[in-house]
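Q: okay, predicted coordinates and the sequence, questions at the end:
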Amino acid sequence: MSVKVLVTGGNFKNKGAQSMLFVTIDEIRKRIPDSEIYFGCSVGDPKLSDVHFKQICYSREARYIALGRQVVLNFFIALAKAVAYFLYGKRSNLLNFFDAKRYISSMDLIVDVSGFALGDKWSRRINESFLNTTRLAKRYNIPIFIMPQSFGPFQYPSGLEDIKEEIAELLQYPQLIFAREKEGYELLTKDFGLTNVVYSSDLVLQNKGVNAENIYLKPPVLSLPEISTEHNVGIVPNRQCFVHGEKEIILKRYRAIVELLLEQHREVYLFRHSFEDLTYCRQIVEMFENEPHVHLLENDFSCFEYDAFVRNFEFIICSRFHGIVHAYKNHVPAIALGWAVKYRELTASVGQAAYIFDITDENCEEEAMLQAVRQMIRDFEQESEVIQSHIQSIQSENCFECISEWVKNNYE
């Protein structure tokens, strides 16, 4: 059975997005072994030659060209991007911007894993780019599943309120929309009256393990740094915290956390989960320039490598959503320093609500945060057991069963 599936919304720059992409490809292959999988990638994504899926350009401009909207304008925007990439030493074939138009009509199914791209936090450009995938699916009569991701809020400012009308109309079309948080689920069902929305845990958290052979022609050898064999704590910052909060206050809080860990004789490792976070890892380490027990790792881990590496730690202090997810999957506790609803719901889902703090909030009590770190140092083994029991429950269900049901209804 040859089924063509287009996976959209992922990328290789952010390890969370990469992880969602690879889990999705893995779950599809387990259910449709002979499927042809196409990944709708961004212009800057590297072209991989050793993978079990095909890459097509699915940029914002490519989507507009496929929809037949402002084709000339978007062609010139694509041309400008191609020139810019050439000047920065990256190849970009201008004809790739017509990939979406060339391939979309032959697809049997679209699966979107955008993570978070619909809500008033984002510009019209980002909102419309997300909605254009559903527009394309609807135009070409292609079934689409929107897999677990965040939605809302939808308090758009003046000039963007018409997006709500588009949401109400377009999001009736997908077969199912999986909302990752209760807030998003309630907004979509109550504010927009959608009946095709399902509340679901994160798709990476539900996955019991990815078969690398479903992703790669030849599974890569993992490259992991050697670290101390015991009493290790990892710190994974997030650039967005420094964007949303006051930089000096956030650095002061990280200093206090690291000082406490050192007092408790922990080896502290700073490393990144996304490409833009390395600068902030360095800034934290610079505050401990002559401290031999604070280490900077500059590795650009793949999602497979991060998943394996995080097992080295008693616990982590993390501000990246899927950085925390991979820790939980391996029953590694985390102090979550995140500001969004998704962090609160994630920690609560595995019995870890006591360990979430909004590090961007000026009113965040530093002493309460430090007390949580002290408690984690004492109780990380028990917390690991708590997480394990919750993960077993979460993984008893899988959102990708909707794909199995779709195959059963259409191909059996």
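A: Good, I have the coordinates. Fair warning: this is a prediction, and the values are worked out from it, not measured in the lab. Residues are numbered from 1 along each chain as shown.

Q: and the strands in the stretch 201-350 of the chain, which stretches?
A: Under the criterion DSSP state E, counting those that start in this stretch, the stretch 201-350 of the chain contains strands at 232-236, 267-270, 294-296, 315-318, 334-337.

Q: winner for burial among the ones you listed?
A: Across those, averaging neighbours per residue (mean count of other C-beta atoms under 10 Å) puts strand 334-337 on top, at a mean of 28. The way it works is simple: take the backbone N, C-alpha and C, and place the C-beta from them, glycine included.

Q: give me the sheet partners of that one and which way each runs.
A: strand 315-318 (parallel), strand 356-357 (parallel) (DSSP bridges).

Q: for the helix or strand that comes right after the last one, buried residues please.
A: Using DSSP states H and E, the next helix or strand after strand 356-357 towards the C-terminus is helix 366-394. Neighbour-count burial for helix 366-394 flags M369, A372, V373, M376, I377, F380, E383, S384, I387, H390, I391, I394 (criterion: 16 or more other C-beta atoms under 10 Å).

Q: go through those residues and name the one nearest I146.
A: I394 (19.7 Å; C-beta to C-beta).

Q: quick one: contacts for that closest one?
A: By C-beta atoms under 8 Å, 6 or more residues apart in numbering, the contact list for I394 reads S201, L205, Q206, S349, V350.

Q: of the residues you listed - the most surrounded one?
A: V350 (26 neighbours; other C-beta atoms under 10 Å).

Q: and it, what does it touch?
A: Here V350 is in contact with Y328, V386, I387, H390, I391, I394 (criterion: C-beta under 8 Å, 6+ apart).

Q: separation between it and A336?
A: Distance, V350 to A336, by C-beta to C-beta, to the nearest Å: 10 Å.

Q: next: R374.
A: Distance from R374 to A336, counting by C-beta to C-beta: 16 Å.

Q: of the contacts of V350, closest to D108?
A: Set against D108, the nearest of the contacts of V350 by C-beta to C-beta is I394 (29.5 Å).

Q: circling back: now, which of the contacts of I394 lie within helices?
A: Among those, the residues falling in helices (DSSP state H) are L205, Q206, S349.

Q: tell me the contacts of the last one?
A: S349 makes contact with S201, L205, H390, I394 under the criterion C-beta under 8 Å, 6+ apart.

Q: distance of the closest residue to D300 other than its chain neighbours from L297?
A: The shortest distance from D300 to any residue other than its chain neighbours is 6.9 Å, reached at F275 (C-beta to C-beta, 6 or more residues apart in numbering). F275 sits at a distance of 14 Å from L297 (criterion: C-beta to C-beta).

Q: who's more crowded, those two?
A: L297 (17 against 12).

Q: surely the more buried one and P225 touch.
A: Yes: under the criterion of C-beta atoms under 8 Å, L297 makes contact with P225 at 5.6 Å.

Q: give me the below-cutoff pLDDT ranges for the stretch 51-200 of the chain.
A: By pLDDT under 70, the low-scoring segments of the stretch 51-200 of the chain are 69-95.

Q: what ranges do the helices span in the stretch 51-200 of the chain?
A: Applying DSSP state H, counting those that start in this stretch to the stretch 51-200 of the chain gives helices spanning 60-67, 71-87, 99-103, 124-139, 162-170, 182-186.
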